[in-house]
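J.: need a structure here:
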Amino acid sequence: MAETTISTANRVKQWDSTFFNEYVRSNRFKRYMGASENAIIQMNENLSKKKGDAITIPLVGSLDDTSYNTGSTDLVGNEKALPNDGHQISIGVVRDATVVNVEEEQASPINIRNAGRTALKTLAMRHMRNDIIAAMHSINGTVYGSATETAKDAWLTDNADRVLFGAALANNAANDHSAALATVDATNDVLTGDIVSLHKRMVQTANNVNSDGIRPYIYGEDNETFVLFVPSMAFRDLRAWMVANNYWENAMQRAKSNPLFSGPNSIEWDGVVVREIPELPVLSGVGAGAINVAPCYMCGAQALAVAWALRTKSTMRKEDDYGFKHGVGFMELRGIDKVQYGQGGSDAKDWGMGTLYVAGVADA
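T.: Presented below is the predicted three-dimensional model:
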């Protein structure tokens, strides 16, 4: 009797599917990703079924509600144009690998190839996380650190209705980005619930093509929320503010599950989920008195988009050097962008995101 054995090719396919699911699930942003237009980070896999090196996310604005026809006035000839645009995401290759030779594999007490697979899964997650973070703070498609001061000023001019510096709208120094950052101080501009509420009101009233502000994430029948992603230093300050004002002590049960003791990585305040992302960087020495400034990101629906042309798959290096070396890796084809209305134009606006700059002073 001959028993069936599973071929190497089929084992690799099994690994491919599991690997993709684990890697996205491990991503800190996973819970905010989805395929619908309601998702904060919209995922699109259309290019996995078609050929192409870019995909366009359609954006539809609201109809103007400042006027309407009354009585017997003809509608013919008085129709309203539906504002629409599209944000194009370019696709590129992301891949990495590790290799081991037979001698080292024999010397190891662990299955080094499986260990390499686990390490690559973690690395893939970090690549995606880092690309999402870079997209959040990009300036009209350019990585923040590579953008010129002129480009930053132009971006701020177009997005002044959704960008807040510290605790006051007046801190925006005539749309001069570096001058506005220099107004952020370590006393008045640490992250508090009041600043979160102020920024929420800004994005709710921001001008998004005749709309009533940036569209929030909607859950249930009509519950609305925004998510504010913040670096650890800003989250520390908000938590300290909550404790100092006894908000958790007075508003929640007095038990070990109270956030006062449990050390949460998210705080709910005024309809905003404030989520700590430790990997979010701060801007060194740009605030008042050369303090560090922490960029934070108030996100509604379609704030960012991820486009896949090829799901993450494992790759294997064929045995070489007469079977002495073995390699495992991963590869994907994807692109990640902050979604903009009027992308590439002189008046491009961040479609589903507001940016907040607060003090990010390091721990003493």
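J.: residue boundaries of the strands in the stretch 1-150 of the chain?
T.: 33-34, 41-44, 54-60, 84-90, 92-101 (DSSP state E, counting those that start in this stretch).
J.: pull the number of nearby residues for residue 95.
T.: When neighbours are counted by other CB atoms under 10 Å, residue 95 registers 15. Any C-beta I mention is one placed from the backbone N, CA and C, and that applies to glycine too.
J.: doesn't residue 329 make contact with it?
T.: Yes - look at residue 95 against residue 329 with CB atoms under 8 Å: they come within range, at 6.2 Å.
J.: joint contacts of the two?
T.: residue 315 (CB atoms under 8 Å, 6 or more residues apart in numbering).
J.: do you know the pLDDT at the closest residue to residue 29 other than its chain neighbours?
T.: Leaving aside its chain neighbours, residue 29 sits nearest to residue 132 (5.4 Å; criterion: CB to CB, 6 or more residues apart in numbering). Predicted confidence (pLDDT) for residue 132: 95.
J.: cool, residue 9 as well?
T.: 50.
J.: equivalent analysis for the one 10 residues further on, please.
T.: Model confidence at residue 19, given as pLDDT, is 67.
J.: now residue 86. Nearest residue, chain neighbours left out?
T.: residue 56 (4.1 Å).
J.: any idea what the one you found is bridged to?
T.: residue 88 (DSSP bridges).
J.: what sits against residue 42?
T.: Applying CB under 8 Å, 6+ apart, we find residue 42 in contact with 33, 34, 35, 36, 57, 301, 302, 304, 305, 306, 339.
J.: can you check residue 180 too?
T.: Contacts of residue 180 by CB under 8 Å, 6+ apart are 156, 165, 171, 172, 173, 357.
J.: which parts of the protein are helices?
T.: Assigned by DSSP state H, the helices in the chain fall at 8-25, 102-107, 112-136, 149-158, 177-181, 193-205, 232-244, 247-251, 259-262.
J.: so what touches the third one?
T.: So the one you mean is helix 112-136. 15, 19, 22-24, 26-29, 41, 94, 96-98, 100, 104-105, 143-144, 229, 277, 279-281, 295, 297, 304, 306, 312, 314, 326, 328-330, 332, 336-338, 353.
J.: and the angle for that helix with strand 92-101?
T.: Put simply, helix 112-136 runs at 160 degrees to strand 92-101, going by axes from the mean of the first three to the mean of the last three CA atoms, to 10 degrees.
J.: on that earlier part again, report the buried members of the contacts of helix 112-136.
T.: Buried subset of those (neighbour count, 16 or more other CB atoms under 10 Å): 15, 19, 22-24, 27-29, 41, 94, 97-98, 100, 144, 229, 277, 280, 295, 297, 304, 306, 312, 314, 326, 328-330, 332, 336-338, 353.
J.: can you get me the start-to-end distance on stretch 218-234?
T.: 26 Å (CA to CA, to the nearest Å).
J.: follow-up on the earlier one: pLDDT at the residue nearest to residue 86, what is it?
T.: pLDDT, read off for residue 56, is 77.
J.: that one and residue 90 touch, don't they?
T.: No - using CB under 8 Å, residue 56 makes no contact with residue 90, being 10.6 Å away.
J.: tell me which of the strands of the stretch 1-150 of the chain sits nearest to residue 222.
T.: strand 33-34 (18.3 Å; CB to CB).
J.: so what does that closest one touch, helix or strand wise?
T.: Counting contacts by 3 or more CB pairs under 8 Å, 6 or more residues apart in numbering; DSSP states H and E, strand 33-34 packs against strand 41-44.
J.: partner strands of the strand it packs on, with direction?
T.: strand 33-34 (parallel), strand 304-320 (parallel).
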